[in-house]
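Participant: Here is my input; please provide its structure:
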Amino acid sequence: MPLQTYLDDVLLTRDGPWECYDAVVTATDIAELYRTGFLRVDPDRQRGIDPVSGKQVIDAKKIEVWTDELIAGTAIFGELSWNLRLPESEIQYDADQRRLRIVRGGATIPDSWHRHKAILQACESASRGSGFDLLRRFSVRIYHVSAEDEARIFYALNQEGRPADSTRSKWLYPKETSARIAREFVRQSPHLGAENVDTVRDRLSRRNPRLAAFNTLANAVGSAWGDVQPAEEADVLAHLLAFWDALVSILPDLGRLDLAARRSVRESSLLDSGVAIHAYIRLARRMQAARTPFKALARLAEPVEGTDGPMPFLSRANPEWARRGVLIPSSRRDGSVELALRNARQSFEAMTDALTERVGVQAPAVDGGRAGALPATSAGAPAKPATAAAVAAADPAAPGPVGEASRRATPKRTGTSSPRARTTGGRRTDGRPALPRTPARRAASSAKAAPAITPAVPVARSASVEPPPAPTAVPVPAETAPDAVVPTGLAWRDAALAVLRERGTPMHYRELYAAVAARGVTFGGRSPEATFLASISRDVETFAGVGRGAYWIAGEPVGLDGAPTSPPANRRRPRRPRPIGTGRRP
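Facilitator: Prediction:
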């Protein structure tokens, strides 16, 4: 609408304790009102200003997605919200003519700012020929409350509403291709269906006899076939259905069971766990890539030898799962320790590798091109650790520190660098003072130069499992660091665990790193100790801080003589304090 002081066809309604008004405006109206300053956002009543960047906190990806959907005409926006804030604004409402007149003041946006931003970007795209309909109509609810009440509206609309479980949302509307495959897989398999897969809740209760929640299956298919194209849906679905038929014929407990039988399986086996579900689906992808016949799945039903005789391969008592880190020690309330299932990406990969080796799949893993896809090996042959460069080339976005080898594998940026990243004489080139080099910032900076860590099977922290052998080191090419060694896999973790077990007491990270380095496993970067500290402090499932800079094995008790070792003498030169706001020393 052109700049004016009234809105027509406005309905008087009520929301919470306030009277409010429902109106309809076009995209052009919103763009014009925002351009003239009538419509604005107050960061103090929204997501706020980032204290580091000084910019408003927004989700740029969400805005881009909504902008694309607006241009395509598929966006579902619901209701926008404005507030003619008291006491700055004054309004008059004519119930007979259903006209809202704004006598003075403007409107703020208590909620839906991301949707407003998407509308503004879509309007800008129309001038570039995007085809967006500038006359598209939007519903808006207009409040007339104070700034304090506006904050209450933001809280109610952003915190009090609880979304449906992912299982239900994905089942009703599977947006990704892999989710559509998963839904048809459940619908068409005679062993699944709503009788054996929960399509409402994300978690299964103890009284639920079903195999899994749909969200588990959808995520598993997404991790294995995340790169599938719509044209391939039918082929992937047919393969999954045939694979599952063969699997259930060999492992019938994956089929429909009553509650008593399901509870018995859950207590004694990993067969129907969420980790196993992920591993089965990934195994199906690997077998498809290798053209492995389904009859090879029969090896999963073959027993293995245990301390008390033969046992099922997927039994919780099989020490294979503790060695691979699928089961890890967990402390009970009474102080005792039990092996508990580790529901994490590393466990999915470890069990997938175990199944792959057991079945005898020869081809390399595919796993949808996702991070952490480990190479499949022949039966009984351990997977060889990949080099840091290979990991970086396969997955540039993999979590964890990035080393010299991975940086060499990454193309250099071209053009001028950002002025925010450059400093001159203690000040940035944009004129703002550089942040001080605190220990935390030094550790974070050093972590960027750390060697890339290849995903590997974690060491089981149990007295019944033998500690791993001393890790081997792989020399770094001379052009990188002639005197440095890059740890492959999780060799640094294995070495640190071995040192702590031998010492039998918590150790300061500097002394612990010195002992690890003496075993031939070192880190690169300007500060190897800081890189080691960043790595060990992130691995909270393996190591636990027990004092100032001291670490011990997570989940294992500390003996009576287990006082942390004292930190080595500080070798850093003491620094004089700097005046605030300047990069120079006094």
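Participant: how far away is Val57 from Glu349?
Facilitator: 34 Å (CB to CB, to the nearest Å). From N, CA and C alone the C-beta is placed, and that goes for glycine too.
Participant: Apologies, that question was intended for Arg104.
Facilitator: From Arg104 to Glu349 the distance is 63 Å (CB to CB).
Participant: quick one, which of these two is more surrounded?
Facilitator: Between Arg104 and Glu349, counted using other CB atoms under 10 Å, the more crowded position is Glu349 (28 against 10).
Participant: chain center to the host helix or strand of the more buried one, what's the gap?
Facilitator: Glu349 belongs to helix 345-359 when assigned by DSSP states H and E. On the basis of CA atoms, centre = their mean, to the nearest Å, helix 345-359 sits 20 Å off its chain's mean C-alpha point.
Participant: so what secondary structure elements neighbour it?
Facilitator: In terms of contacts (3 or more CB pairs under 8 Å, 6 or more residues apart in numbering; DSSP states H and E), helix 345-359 is packed against helix 274-290, helix 319-323.
Participant: the inter-axis angle of it versus helix 274-290?
Facilitator: Angle, helix 345-359 to helix 274-290, by axes from the mean of the first three to the mean of the last three CA atoms, to 10 degrees: 50 degrees.
Participant: list the buried ones in helix 345-359?
Facilitator: The neighbour-count check on helix 345-359 (16 or more other CB atoms under 10 Å) flags 346-359 as buried.
Participant: what mean pLDDT does it have?
Facilitator: Across helix 345-359, pLDDT averages out at 92.
Participant: likewise stretch 224-235?
Facilitator: The predicted model gives stretch 224-235 an average pLDDT of 90.
Participant: Can you give me the separation between the residue of the chain positioned farthest from its centre and Leu12?
Facilitator: Ranked by distance from the centre of the chain (CA atoms, centre = their mean), the top residue is Asp96, with 53.9 Å. Computed as CB to CB, the Asp96 to Leu12 distance reads 11 Å.
Participant: Repeat that for Ala107.
Facilitator: Distance, Ala107 to Leu12, by CB to CB: 17 Å.
Participant: out of these two, which sits in the busier spot?
Facilitator: Set Ala107 next to Leu12 and count neighbours by other CB under 10 Å: Ala107 wins out with 21 against 12.
Participant: isn't that one right up against Gly37?
Facilitator: No. Contact criterion CB atoms under 8 Å: Ala107 and Gly37 do not qualify, at 10.3 Å.
Participant: Burial check on Ala231, number of neighbours?
Facilitator: Ala231: 8 neighbours (other CB under 10 Å).
Participant: That should have said Val200, apologies.
Facilitator: Neighbours around Val200, by other CB under 10 Å: 12.
Participant: any idea which helix or strand carries it?
Facilitator: Using DSSP H and E, no helix or strand contains Val200.
Participant: what's the answer for Pro329, then?
Facilitator: Short version, using DSSP H and E: Pro329 is in strand 327-331.
Participant: about what we covered before: quick one, which of the helices and strands packed on helix 345-359 is packed in tightest?
Facilitator: The highest mean neighbour count among these, using mean count of other CB atoms under 10 Å, belongs to helix 274-290: a mean of 24.
Participant: Run through the neighbouring helices and strands of that helix.
Facilitator: On a contact count with 3+ CB pairs under 8 Å, 6+ apart, helix 274-290 meets helix 214-224, helix 233-250, helix 345-359.
Participant: now those helices as JSON lines including distance to Ala495?
Facilitator: Below are the helices and strands packed on helix 274-290 laid out as JSON lines (distance: least, CB to CB, whole Å):
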{"stretch": "helix 214-224", "distance to Ala495": "30"}
{"stretch": "helix 233-250", "distance to Ala495": "39"}
{"stretch": "helix 345-359", "distance to Ala495": "18"}
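Participant: Run through who's touching stretch 118-125.
Facilitator: Residues from elsewhere that reach stretch 118-125 (CB atoms under 8 Å, 6 or more residues apart in numbering): 27-28, 30-31, 34, 63, 66-67, 70-71, 75, 130, 132, 134, 138.
Participant: With stretch 259-269 instead?
Facilitator: Residues from elsewhere that reach stretch 259-269, judged by CB under 8 Å, 6+ apart: 206-207, 209-211, 253, 257, 271-273, 312, 314-317.
Participant: Scan these and report the most crowded one.
Facilitator: Leu314 (26 neighbours).
Participant: Find me the pLDDT at that residue, would you?
Facilitator: According to the predicted model, the pLDDT of Leu314 comes to 94.
Participant: Appreciated, that's everything.
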